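Trainee: take a look and give me a structure for this.
(2 chains, ligands or ions: 2)
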There are 2 protein chains.
Amino acid sequence: MKILITGGAGFIGQRLAKRLLDRNELNGKPVTEIVLLDVALPNDDRLLSDERVRAETGDISDPAVLRRHIDTQTEAIFHLAAIVSGQAEADFDLGMKINLDASRALLEVCRAAGHKPRVVFTSSVAVYGGTLPDVVQDDTALNPQSSYGTQKAIAELLLSDYARRGFVDGRVLRLPTISVRPGLPNAAASSFASGIIREPLAGVRSTCPVDGETRVWLLSPKSAVEALIAGCEIDREKLGNRPIVNLPGLSVSVNEMVAALREVAGDEAAGRIDWQRDERIEKIVGSWPGAWNTARAEQLGLSGDENFADVIRAYIEEKRADERA
Amino acid sequence: MKILITGGAGFIGQRLAKRLLDRNELNGKPVTEIVLLDVALPNDDRLLSDERVRAETGDISDPAVLRRHIDTQTEAIFHLAAIVSGQAEADFDLGMKINLDASRALLEVCRAAGHKPRVVFTSSVAVYGGTLPDVVQDDTALNPQSSYGTQKAIAELLLSDYARRGFVDGRVLRLPTISVRPGLPNAAASSFASGIIREPLAGVRSTCPVDGETRVWLLSPKSAVEALIAGCEIDREKLGNRPIVNLPGLSVSVNEMVAALREVAGDEAAGRIDWQRDERIEKIVGSWPGAWNTARAEQLGLSGDENFADVIRAYIEEKRADERA
Ligand SMILES: NC(=O)c1ccc[n+]([C@@H]2O[C@H](COP(=O)([O-])OP(=O)(O)OC[C@H]3O[C@@H](n4cnc5c(N)ncnc54)[C@H](O)[C@@H]3O)[C@@H](O)[C@H]2O)c1
Ligand SMILES: NC(=O)c1ccc[n+]([C@@H]2O[C@H](COP(=O)([O-])OP(=O)(O)OC[C@H]3O[C@@H](n4cnc5c(N)ncnc54)[C@H](O)[C@@H]3O)[C@@H](O)[C@H]2O)c1
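Mentor: Ligands and ions are numbered 1, 2, ... in the order given. All right, here's what the predicted structure looks like:
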C-alpha cells in the first residue's frame, strides 16, 4: 500500500515512517511506498536510503502539490504538517493557511480522488480550554484559547463531516503533549515539557516557564507513533458517529516530571532547571487539560505509557543508540 | 449608529430591522442607518420606506461586497445570511461557501477595518448531535451530524478566536428552532416545526415527518429578535473567555405542540396533520438537543417564551394585524 505522510520530515513524521518501514504492514497490507511530503527533506539516512521511501518537498497549502501526491493508489494519509502553537499564535495568517486551509484542501483533494482513503489527522490538548474538569471527558466541550487550538478544532470538525458524508474514511487522534522530544527547542508553547528533561540530561541548563504545580498530559514519541498506527487501523464502524479519539497519556505535574528526572539522572541533572515564569506561555499551557478520560481509546485498543521515569529512561537509551549508530 | 444586517431580507433579518427601527437605539446610541445586505430585496414596505434603511443586494461570499458595506462607521453587525440545514446537506459546496467562507470573510473584513465592531453570529441547535444528555449543558461537546451544524460550529470557533485576539467584539447566539415562522415552508430540516402549526391554522393540511415523541427546542420569532438585540448589548467583559451563549427556549414534544394547537384552535385544526416519517429529516432533527441549560443566558439578561400555546396565539394575532394593515 502507498502511504502519504504530510509533515513527513517533521519529528513525528520521520519516526512514524521508520516504524511503518519496520512493520512493513498497515491495515493488513504490505507497505510498498511511503511519500514524505514536507517543505523540508527528512534528515534520517535510514529513511533516505530505503527504496520504499520517496521524499518530496512541497507546500501543502498549494492544492496542486496535494493533487500531485494524492491519487487513487494513496490508501492511507497521515496528515501531520502543521504550524505549532507558539508560531500560530504569533503569526495568525500562517496558522490559518496551514492548519486550516491546507487541511481542508487535503480533504477536498481526497474527495475529488473519490476512493475514500483512510485519513488520520493529529489534534491536540489545545482544542480544550477555559474552565475544565480535572479529568476532561469525551463529551467535554471544546473552548480553545489559542489560534492553534481553534484551527485544530476546526480541522477536526471538517474531517468529521467529510467522514460522515463518506468523502474520506477519516479519524482524528488527539495527542497529549509529546515528551521527551529530542533535538532543539521549538516554537510550541509546550516546548519546555521536553526541554526541562532533555537539556539537563545533556548537561545544559533549561528554563521552565510555568509553575511547578502545572499539570500536563504527556505521551512519549514511541507511544505516539504506535497510537497513530493503531488509530489508522481502527475499523470505521467502531468509531460510530464520532471519529475523534482522545489518546491515552500520563497526567503529571511539572514538579513530578522533575522528580522523575531526579530519580533517573540524579540531583545534579534535576538542578539544571531555572524557574522563570512566562505569562504568555502560562496562559496557553494553563488552558490545556491536565488529564482526560481514556476509556474509549483503551476500548479501541490504543495504549500509552506506564510512568514518566520509564519515558525518560527510554529517551536516554534511544539517544545512546543513535550516538552509537 | 450604523448597523449592518447580512441576510437582512430574510425572515429574522427583516423582523430584527423593524424592531431596531422602533427602538431607535442600540448599545445606547440612536439608530441612524440600517444596511440590509442580501441577495434579495426585503419585501416589507415599512422597511423600504424608512429613510434610515438602505437595502443592498449583493452576495456575501464576495469579499468585495463585504468591504463595500463594512467601514469604520459600521458599529454593529448581525450576520444572519446563511444556507439553511436541508439545503446545506443537499449542496455541500454551497453551504461551505456561504456558512463558512463568507462568515470568515466577514470577520476578515472587520479585522482589516480595525475598529473592532460588535459582531453577532447566529448559531443553532444543529451544532450538537450524537448521544446527548436530556438537557444539554454549556460544557457539552459539539458533535454536529449535518454539514450545516458543522459549518455553524466552525463559524463559532472562528468568531471566538477573532474575538479573543481583539479583531472583533464578537458574540455567538445559539438559537433554538424558530416557531411559528410565517410564510412558506423552507429547506430547513426544521421547517415542519412551523408548518404543522401554520398550515392547519390556515386550513391547509401539513405533513409531520418526525415521530410525535420527538422533543424540539423552540423560540418564537419575537423572542428571538429580542434575544439578538439583548445579546448584542451584553458587555464584552461579562462573556469572559466564552462568547457563545445558548439562548432560552421551550422544550416541547411534537405531540405537545399539537396539543397546544388543539388548545388554541380546536380539534379541526389539530386534525389537519398527516404523520409520515421521513428518515432523512428524522435523522437530522433527532440529532438535535430537545433542551439545553439556560442559566447562563438568563444571568446575562436574555429571556424566552412562557409556553407554546401563547406563542401560537401571538402568531395568530400578528397574522391578523398584518392582514388588516
Ligand atoms: N509534538 C507534539 O507535542 C504534538 C502534540 C499534539 C499534536 N501534535 C501534532 O502532530 C503533528 C506533527 O507534530 P510534530 O511534533 O512532528 O511537528 P513538527 O513541527 O516536527 O513537524 C511538522 C512538519 O510539518 C512541516 N510543514 C509545515 N508547514 C508545511 C507546509 N506548508 N507544507 C508542507 N510541510 C509543512 C514542517 O516542515 C515540519 O517538518 C502536528 O500536526 C502537530 O500539530 C504534535
Ligand atoms: N429560523 C430558524 O429556525 C433558525 C434557527 C437557528 C439559527 N438560525 C440562523 O439565523 C439566521 C437567520 O435565519 P432566517 O430564519 O432568517 O433564515 P432565512 O433563510 O429566512 O434568511 C437568510 C437570508 O440570507 C440570505 N442569503 C443567503 N445567501 C446569501 C448570500 N450569499 N449573500 C447574501 N445573502 C444571502 C437569504 O437570501 C435570506 O434572505 C441564519 O444564520 C440561520 O442559520 C435560524
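
Trainee: and the stretch 101-250 of chain A, which of its residues are near chain B?
Mentor: Contact residues (CB under 8 Å from any CB of the partner chain) of the stretch 101-250 of chain A with chain B: A:129-131, A:138-145, A:147, A:150, A:153-154, A:157-158, A:160-161, A:164-165, A:240-242. Heads up, the C-betas are built off the backbone N, CA and C, glycines and all.

Trainee: residue numbers of chain A in contact with ligand 1?
Mentor: Contact residues (CB under 6 Å from any ligand atom) of chain A with ligand 1: A:7, A:9-13, A:38-40, A:59-61, A:80-82, A:84, A:98, A:122, A:124, A:175, A:177-178, A:190.

Trainee: among the residues you listed, which lie within strands?
Mentor: Mapping the residues of chain A next to ligand 1 onto strands (DSSP state E) picks out A:38, A:122, A:124, A:175, A:177, A:178.

Trainee: same list (these) but as TSV, adding distance to residue A:109.
Mentor: Compiled in TSV, those are given as follows (distance: CB to CB, whole Å):
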residue	distance to residue A:109
A:38	17
A:122	18
A:124	23
A:175	24
A:177	30
A:178	27
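
Trainee: quick one: which of these is most hemmed in?
Mentor: Most neighbours among those, by other CB atoms under 10 Å in any protein chain shown: residue A:124, with 26 neighbours.

Trainee: for that residue, give its distance to ligand 2.
Mentor: Using CB to the nearest ligand atom, to the nearest Å, we find residue A:124 at a distance of 29 Å from ligand 2.

Trainee: what about the closest residue to that residue other than its chain neighbours, how many neighbours?
Mentor: In this structure, residue A:124 finds its nearest non-sequential neighbour in residue A:152, 5.2 Å apart by CB to CB, 6 or more residues apart in numbering or on different chains. Residue A:152 has 31 neighbouring residues, counting by other CB under 10 Å.

Trainee: my guess is residue A:152 meets residue A:125, correct?
Mentor: No: Residue A:152 lies out of contact with residue A:125 (CB atoms under 8 Å); the separation is 9.5 Å.

Trainee: what about the helices in chain A?
Mentor: Applying DSSP state H to chain A gives helices spanning A:11-23, A:45-49, A:63-69, A:85-90, A:92-95, A:103-113, A:147-164, A:192-201, A:221-233, A:254-270, A:279-286, A:295-299, A:308-324.

Trainee: and residue A:324, how many residues sit next to it?
Mentor: With other CB under 10 Å as criterion, residue A:324 counts 6.

Trainee: state the distance from the one residue in chain A that gets nearest to ligand 1 to residue A:84.
Mentor: Chain A approaches ligand 1 most closely through residue A:10 (2.1 Å), counting by CB to the nearest ligand atom. Separation of residue A:10 from residue A:84 (CB to CB, to the nearest Å) stands at 10 Å.

Trainee: so where is the stretch 101-250 of chain A shaky, pLDDT-wise?
Mentor: Residues of the stretch 101-250 of chain A that meet the criterion pLDDT under 70 are absent altogether.

Trainee: report how many residues lie close to the closest residue in space to residue A:282 that isn't next to it in sequence.
Mentor: Residue nearest to residue A:282 in three dimensions, not counting chain neighbours: residue A:210, with 5.1 Å by CB to CB, 6+ apart. The number of residues packed around residue A:210, counting by other CB under 10 Å, is 24.

Trainee: surely residue A:210 is in contact with residue A:279?
Mentor: No: between residue A:210 and residue A:279 there is no contact under CB under 8 Å: 10.0 Å.

Trainee: which residues touch residue A:62?
Mentor: With contact set as CB atoms under 8 Å, 6 or more residues apart in numbering or on different chains, residue A:62 has no partners.

Trainee: how about the stretch 151-300 of chain A: which residue is closest to chain B?
Mentor: Per CB to the nearest CB, residue A:161 is where the stretch 151-300 of chain A lies closest to chain B, at 4.1 Å.

Trainee: check contacts around residue A:287.
Mentor: Counting by CB under 8 Å, 6+ apart, residue A:287 makes contact with A:126, A:128, A:129, A:130, A:144, A:145, A:146, A:149.

Trainee: quick one: residue A:203 from residue A:271, how far?
Mentor: Separation of residue A:203 from residue A:271 (CB to CB): 11 Å.

Trainee: for residue A:184, that is, sorry about that
Mentor: According to CB to CB, residue A:184 and residue A:271 sit 22 Å apart.

Trainee: what of residue A:227?
Mentor: Going from residue A:227 to residue A:271 by CB to CB gives 33 Å.

Trainee: ok so, going back, of residue A:203 and residue A:271, who's got more company?
Mentor: residue A:271 (12 against 9).

Trainee: tell me the contacts of the more buried one?
Mentor: Counted by CB under 8 Å, 6+ apart, residue A:271 has contacts residue A:200.

Trainee: check residue A:56 too.
Mentor: Residues near residue A:56 by CB under 8 Å, 6+ apart: A:35, A:36, A:37, A:38, A:69.

Trainee: please repeat the previous calculation with a cut-off of 10 Å.
Mentor: By CB atoms under 10 Å, 6 or more residues apart in numbering or on different chains, the contact set of residue A:56 is A:4, A:8, A:9, A:35, A:36, A:37, A:38, A:41, A:65, A:68, A:69.
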